[in-house]
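S.K.: based on what follows, work out the 3D shape:
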Amino acid sequence: MRPAQPAHQSGIAAQVRGNRQIILERIRVQKGVQKGVQKAKRGQIYFLGPKRGQIYFLSYEIDKFINNKQERCISLPLSYPHHCKDVGKSMPRVGRVVLPNYPHHVVQRGHNRQVVFADAADFEYYLSDLRDLKQAFGVRIYAYCLMTNHVHLLLAPGDAASSLGQLMKALAARMTRYRNKLEGRSGTLWESRYKSSVVQSDTYLLACSRYIELNPVRANIVSRAECYPWSSYHLRVIEPAANNWLDIDPCFKALGETELACRNRYKAFVEQIAPSGELELIRGALQRGQLTGSSRFVKEIENITGLRIIGRGQGRPAKKQDEN
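M.R.: Just a heads-up that it's a prediction; the model follows:
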C-alpha cells in the first residue's frame, strides 16, 4: 500500500480526533458511474449509493480491493468488502459498529429460517461451544436465548473489538459442521451476517437481558421465562449454583447487596410488563444495526468513533423478520 500523501499535496481532507486521524479521499470509479462526491463535516460522514457516486469508507487492511487507478479513502473504523456490480471490483460495505468493553446485543438466524436446533443435543452442543469460545477469545457473555431457528446473545468483547466477530465466526462454523455431519449434507446453516447493536450499559443492559430471556414467552412457546430451559434466565435466577461460566453484568450486581436480593429483584423486573417503546427501540436498533440507548449515548459513541450515527432514511422496505 502506498503511503498517504500530506493533505496540502493531495487534497486529502484530514480530521484529527484525539489520537485518531481520519483521512478521506474521493474515489473515482470506472466509466458509467459518477465520480464520488465527498461531503464531510466535523463529526459527520455521508455515504452515497454506488450508482449515484459512492464515498467508500475503508480500513487499511482492505486496500488490496481497490484498483491502483482509483483514489483511495482510508480510515481506521471497520469496513468489509463486497462485490460491487457497478465497478466490477470488491468494494467495502459499511461495517457494523463494534466497540471494546461495551455490551452488544447480537442475533444470528438460520438460513431461510431453517431449524438450527432440532433437539436437546443441538442446544447443548451450541452452549458447550459458547463456553469454550468465550474463554478462547476473552468475550464476556451476560445473557443468551437459543430458539429453534435463531439465537440471541448479549456479549461484551474485551480490549480487542475484533474478538466479538471472531467468536461469532467460530461459533457459527462449529455449529454448521456439526449439523452438516449429523444430516449428511453440506452448505450454509446461517444467514450471511449476524446483526448486532451496541448497548448502553447504565440504562438498557437489563432491558436487553429481559428482552432476550422473554423471547420464548413472546413466541408463545412458554408462559413464563423460567419454563424455558435454553436461556440464561435459568443460570441467572433459577439455578445459580450450576453457573460456572455465565458472566454477571454490573447492572445485575447493583440490584441488591446480596446475590439473593439481586435474583429476586431481577425476577420481579422480568415479570413486569416491558414498555412498548422499550421493545420497539431494542428491536429497531438491532434490525438497523444502530445503537440501543439514549440520544446522549449516541452522541458519546459518535465522539468515540468519529461516525455520524443516525436513523435510516426512506428506501426499499426491509424484509420482514421474526419479531422475537
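S.K.: any stretches of this protein with poor pLDDT?
M.R.: Low-confidence regions of the chain, defined by pLDDT under 70, span residues 1-95, 310-324.
S.K.: and residue 129, helix, strand or coil?
M.R.: In the three-state summary, residue 129 is assigned as helix, counting by DSSP: H, G, I helix; E, B strand; the rest coil.
S.K.: for it, give its distance to residue 173.
M.R.: As judged by C-beta to C-beta, to the nearest Å, residue 129 and residue 173 stand 10 Å apart. In short, each C-beta sits where N, CA and C put it, glycine included.
S.K.: what does residue 120 give?
M.R.: Counting by C-beta to C-beta - residue 120 and residue 173 are separated by 22 Å.
S.K.: and if you look at residue 105?
M.R.: Using C-beta to C-beta, residue 105 is found at 22 Å from residue 173.
S.K.: tell me which of the two has more neighbours.
M.R.: For residue 105 and residue 173, the more surrounded residue by other C-beta atoms under 10 Å is residue 105, and the numbers stand at 26 against 13.
S.K.: quick check: which element contains that one?
M.R.: Assigned by DSSP states H and E, residue 105 falls within strand 104-109.
S.K.: partners of that strand, with directions?
M.R.: Partner strands and pairing direction for strand 104-109 (DSSP bridges) are strand 150-156 (antiparallel), strand 195-198 (antiparallel).
S.K.: wait, which of those is closest to residue 260?
M.R.: Between residue 260 and the strands paired with strand 104-109, the shortest gap by C-beta to C-beta is with strand 150-156, which sits at 22.6 Å.
S.K.: so where do the strands sit in the chain?
M.R.: 13-17, 20-24, 40-41, 44-45, 79-84, 89-94, 104-109, 140-146, 150-156, 195-198 (DSSP state E).
S.K.: OK, contacts around the closest residue to residue 107 other than its chain neighbours?
M.R.: Spatial nearest neighbour of residue 107, chain neighbours left out: residue 195 (4.8 Å); criterion: C-beta to C-beta, 6 or more residues apart in numbering. If a contact means C-beta atoms under 8 Å, 6 or more residues apart in numbering, then residue 195 has 96, 106, 107, 108, 286, 287, 289 as its contacts.
S.K.: give me the neighbour count for the third one.
M.R.: Just to be clear, that refers to residue 107. Burial measure for residue 107: 23 neighbouring residues, criterion other C-beta under 10 Å.
S.K.: cool, and the fifth one?
M.R.: Neighbouring residues of residue 286 were enumerated by other C-beta under 10 Å; the total is 22.
S.K.: do you know how far the closest residue to it other than its chain neighbours is from residue 241?
M.R.: Closest residue in space to residue 286, ignoring its immediate chain neighbours: residue 197 at 4.8 Å, by C-beta to C-beta, 6+ apart. Distance of residue 197 to residue 241, given as C-beta to C-beta: 32 Å.
S.K.: next: residue 234.
M.R.: With C-beta to C-beta as the criterion, residue 234 and residue 241 are 11 Å apart.
S.K.: which one of the two has more residues nearby?
M.R.: When residue 234 and residue 241 are compared for neighbours, residue 234 comes out ahead with 19 against 6, by other C-beta under 10 Å.
S.K.: looks like the more buried one contacts residue 226 (just checking).
M.R.: Yes. With contact taken as C-beta atoms under 8 Å, residue 234 and residue 226 are classed as touching, separated by 7.1 Å.
S.K.: please enumerate the helices of the stretch 51-200 of the chain.
M.R.: The residue ranges that make up the helices of the stretch 51-200 of the chain, judged by DSSP state H, counting those that start in this stretch, are 120-137, 162-183.
S.K.: tell me if I'm right that residue 242 and residue 229 touch.
M.R.: No. Residue 242 is not in contact with residue 229 according to C-beta under 8 Å; the separation is 11.6 Å.
S.K.: give me the more crowded residue out of the two.
M.R.: Of the pair residue 242 and residue 229, residue 229 is the one with more neighbours under other C-beta under 10 Å, namely 14 against 10.
S.K.: OK, contacts around the more buried one?
M.R.: Applying C-beta under 8 Å, 6+ apart, the residues contacting residue 229 are residue 123.
S.K.: so how far is residue 120 from it?
M.R.: From residue 229 across to residue 120, the span is 8 Å (C-beta to C-beta).
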